[in-house]
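Participant: Show me the folded form of this:
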Amino acid sequence: MTAPDYNLLTPAVLDSLLKRPIEKALGEREIKRINDIYANYDYYNGKQDVNEFGQYIYPTESTDRKGRDFEPTRYWTNYFKAFIKRKSRWQMAGQHSIDVKPTKDDRASNEKSQKVEDLLTKLWHDNQMDAKKMQIARDRLIAGSVAVKLSFNPRTGKLHWIWHNASEVFPIYSKDGFHDLIGCDIIIAQESREEVDRLEYVRQSFRLDESRNECWVDERVFDETLQEIEVIQDKTYLGFDFIPMVMFDVETVNSNTTNFDDLEDMKVLTRILNDMMEDANDSLKFEMFSMTVIKNAKLDNPDDIVVAPGSLLKVDSAQGGHPADVESVQNGFKWKEAYKDQYNRIKSALHELSGLPMIVPQELNFGGMNDRALQVLYQDIIQETQEHWLKYNEDFKELFEKSLMYLQARKDSKKFSYDKSTVSSVELSELDISMNFILPLPDDRENLVDLLTKEVDTGFESRKNAMKRLGVKNPGEKENEIFEELMQQRNMDDPLGDGLRNLRNSATSPIEEELTEDNTIPQEQEELMDEE
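Facilitator: Numbering: from 1, shown residues only. This is a model prediction of the structure:
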């Protein structure tokens with residue numbers, strides 16, 4: 001007799017059978033990363049309680065009484081969302097700009113770099129980056145990464161920066177130690193166009209062909225079983241040697257999970273604070289509405305007791321020797337100070353973890369604060385923001401350089417919305433491209449102008465760079481504008497200067513009409529000309 005084999009369906013086999021085809025294709029590591037991202041977004045959107053399956057739900061959806069005989073208060077304050085939004089404002093709320101400097105300091109190189117800077121600024125505005133940068137910063141902090149795809153629209157002749165959440169992007173890096181981006185898949189789930197309650201996946205793939213040193217792309221649609229149902233774009237070579245994707249990661253090393261660990265620490269402290277607020281609300285209810293105790297009373301139906309202001313209660317003694325009695329059990333909020341201290345300690349730890357001070361400048365009881373005092377007050381968050389800017393600068397530099405190379409590959413298109421001569425003349429080795437980040441602090445312009453004036457007067461700073469530090473978008477045009485205004489003012493203050501000399505060569509000059517009969521200039525005019 002053969003013994004039955006109970007190991008045919010082990011837990012591992014069952015898990016494998018229950019997995020969707022897309023989960024098998026992506027692998028456990030990617031699925032865990034996507035689940036962590038979705039969990040962070042759920043928590044950010046207010047789902048800060050956990051059900052029996054370990055999934056985040058809204059506190060109002062919870063049915064767990066936590067061992068209590070009454071329905072506890074459901075309360076939550078979304079500190080997690082508040083801190084994420086504050087951090088993103090620190091990183092991207094400033095008036096940032098693009099700075100292009102030439103590697104050679106000559107007039108031709110300066111003019112060329114200025115044209116490239118104007119081109120990149122146009123790309124920035126065309127892609128509405130001033131409106132998108134805050135959301136980009138939030139998504140980057142929540143998911144740990146955000147990606148942008150470069151795409152050229154032949155109908156308009158414009159280059160688009162298309163942003164994707166990290167859950168949709170699957171980058172492929174080289175394994176030779178250089179960590180180069182050699183491929184990328186963008187997978188977007190959408191409702192099936194043919195079957196109700198079914199999904200289909202749109203996959204766009206980029207790969208580098210090493211034999212041709214060129215990037216190609218294809219785009220296809222798959223059903224839930226990963227069977228191909230449509231080819232949107234077959235394998236097409238793009239004409240350049242890079243992947244048109246840029247990853248904006250929080251961490252520089254992919255194996256580092258510090259960002260997710262920090263977010264989990266914030267969730268733990270947020271949950272403790274919300275639990276304390278729920279307990280405080282319940283304690284307040286017991287203090288305001290005391291429990292009623294009925295002793296030695298005969299009650300036919302206890303549910304007939306009315307608990308309301310001014311209500312009348314009639315009770316009969318159940319035993320002749322012991323009279324009936326009704327009293328209330330009063331509760332006092334005796335742990336107020338201990339609760340307050342503990343709440344402040346935990347909230348202080350949450351602020352310390354996020355780098356944001358608990359001080360609100362609007363609530364300070366003294367006058368305005370200058371720029372230096374604010375920097376001291378917000379030193380931790382400023383230093384953290386500047387650390388993020390270091391990584392942002394590298395990623396934006398890569399985005400700008402790839403955009404310029406992409407435009408060079410498309411400059412012969414029928415429609416091209418950019419200056420072809422500027423695009424053709426770009427040599428990345430001759431340019432230093434970077435972002436000029438500005439802290440979103442109140443503009444203490446008076447002190448900054450005084451400082452820059454002293455630096456320019458002593459020769460420590462140039463006028464052009466001083467204007468950039470003041471936030472002037474185009475210092476060259478501003479210098480020309482100032483020069484023209486000075487010349488106009490000089491002409492108004494000195495009407496007999498250059499204006500008189502220019503009129504000497506005019507046949508209809510009013511000076512000639514004032515000549516005397518012997519063709520000499522009157523004495524008064526001659527004296528004025530001599531003075532000039």
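
Participant: Now do the SS call for the closest residue to W163 other than its chain neighbours.
Facilitator: Closest residue to W163 apart from its sequence neighbours, by CB to CB, 6 or more residues apart in numbering: V148 at 5.2 Å. Heads up, the C-betas are built off the backbone N, CA and C, glycines and all. Here V148 is strand, with the state taken from DSSP: H, G, I helix; E, B strand; the rest coil.

Participant: swap in L407?
Facilitator: Relying on three-state DSSP, one would call L407 helix.

Participant: Quick check: closest non-adjacent residue to it.
Facilitator: Using CB to CB, 6+ apart, the nearest residue to L407 is V423, at 4.8 Å.

Participant: Show me what the helix or strand in which the one you found is found is packed against.
Facilitator: Assigned by DSSP states H and E, V423 belongs to helix 420-424. Under the contact definition 3 or more CB pairs under 8 Å, 6 or more residues apart in numbering; DSSP states H and E, helix 420-424 sits against helix 107-126, helix 379-410.

Participant: Now do the buried residues in the strand or helix carrying F483.
Facilitator: According to DSSP H and E, F483 maps onto helix 475-493. Neighbour counts using 16 or more other CB atoms under 10 Å place P475 of helix 475-493 among the buried residues.

Participant: Next, the angle helix 107-126 makes with it.
Facilitator: Interaxial angle, helix 475-493 versus helix 107-126 (axes from the mean of the first three to the mean of the last three CA atoms, to 10 degrees): 110 degrees.

Participant: For helix 475-493, C-alpha coordinates in PDB please.
Facilitator: C-alpha atoms of helix 475-493 as PDB (Å, rounded to 0.1, in the frame of the first residue of the first chain):
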ATOM      1  CA  PRO A 475      21.300  89.200 -15.800                       C
ATOM      2  CA  GLY A 476      22.600  90.100 -19.300                       C
ATOM      3  CA  GLU A 477      19.300  91.600 -20.400                       C
ATOM      4  CA  LYS A 478      19.000  93.400 -17.100                       C
ATOM      5  CA  GLU A 479      22.400  95.000 -17.400                       C
ATOM      6  CA  ASN A 480      21.500  96.200 -20.900                       C
ATOM      7  CA  GLU A 481      18.200  97.600 -19.600                       C
ATOM      8  CA  ILE A 482      20.000  99.500 -16.800                       C
ATOM      9  CA  PHE A 483      22.600 100.800 -19.200                       C
ATOM     10  CA  GLU A 484      19.900 102.200 -21.600                       C
ATOM     11  CA  GLU A 485      18.100 103.800 -18.800                       C
ATOM     12  CA  LEU A 486      21.300 105.500 -17.600                       C
ATOM     13  CA  MET A 487      22.000 106.800 -21.100                       C
ATOM     14  CA  GLN A 488      18.500 108.200 -21.400                       C
ATOM     15  CA  GLN A 489      18.800 109.900 -18.000                       C
ATOM     16  CA  ARG A 490      22.200 111.300 -19.000                       C
ATOM     17  CA  ASN A 491      20.700 112.800 -22.200                       C
ATOM     18  CA  MET A 492      17.800 114.300 -20.300                       C
ATOM     19  CA  ASP A 493      20.200 115.900 -17.700                       C
END
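
Participant: so what secondary structure elements neighbour that helix?
Facilitator: Against helix 475-493 (3+ CB pairs under 8 Å, 6+ apart) you get helix 463-469.

Participant: Now do the helix it packs on: everything it contacts.
Facilitator: Defining contact as CB atoms under 8 Å, 6 or more residues apart in numbering, one finds that helix 463-469 is touched by S97, D99, N436, L448, L452, E455, V456, P475, G476, K478, E479.

Participant: Reformat the residues you listed as JSON lines; add pLDDT.
Facilitator: Converted to JSON lines, these look like this (pLDDT from 0 to 100):
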{"residue": "S97", "pLDDT": "89"}
{"residue": "D99", "pLDDT": "90"}
{"residue": "N436", "pLDDT": "90"}
{"residue": "L448", "pLDDT": "77"}
{"residue": "L452", "pLDDT": "86"}
{"residue": "E455", "pLDDT": "89"}
{"residue": "V456", "pLDDT": "89"}
{"residue": "P475", "pLDDT": "79"}
{"residue": "G476", "pLDDT": "77"}
{"residue": "K478", "pLDDT": "84"}
{"residue": "E479", "pLDDT": "84"}
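
Participant: any chance of those in JSON lines, plus distance to R220?
Facilitator: Shown next, in JSON lines, are these (distance: CB to CB, whole Å):
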{"residue": "S97", "distance to R220": "40"}
{"residue": "D99", "distance to R220": "41"}
{"residue": "N436", "distance to R220": "41"}
{"residue": "L448", "distance to R220": "55"}
{"residue": "L452", "distance to R220": "56"}
{"residue": "E455", "distance to R220": "59"}
{"residue": "V456", "distance to R220": "60"}
{"residue": "P475", "distance to R220": "49"}
{"residue": "G476", "distance to R220": "49"}
{"residue": "K478", "distance to R220": "51"}
{"residue": "E479", "distance to R220": "54"}
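
Participant: What's the mean pLDDT across the helix holding V423?
Facilitator: Taken as a whole, helix 420-424 has a mean pLDDT of 94.

Participant: now swap in stretch 126-138 and tell me
Facilitator: pLDDT averaged over stretch 126-138 gives 95.

Participant: One more: stretch 357-375?
Facilitator: 60.

Participant: Now do it: distance from first to last residue.
Facilitator: 12 Å (CA to CA, to the nearest Å).

Participant: Ok, stretch 453-465 next?
Facilitator: Start-to-end, stretch 453-465 (CA to CA) is 12 Å.

Participant: domains for the chain, by residue range?
Facilitator: 150-249, 443-492 (the TED database).

Participant: Any chance of TSV for those, columns distance to Q375?
Facilitator: Formatted as TSV, the domains of the chain follow (distance: least, CB to CB, whole Å):
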stretch	distance to Q375
domain 150-249	26
domain 443-492	10
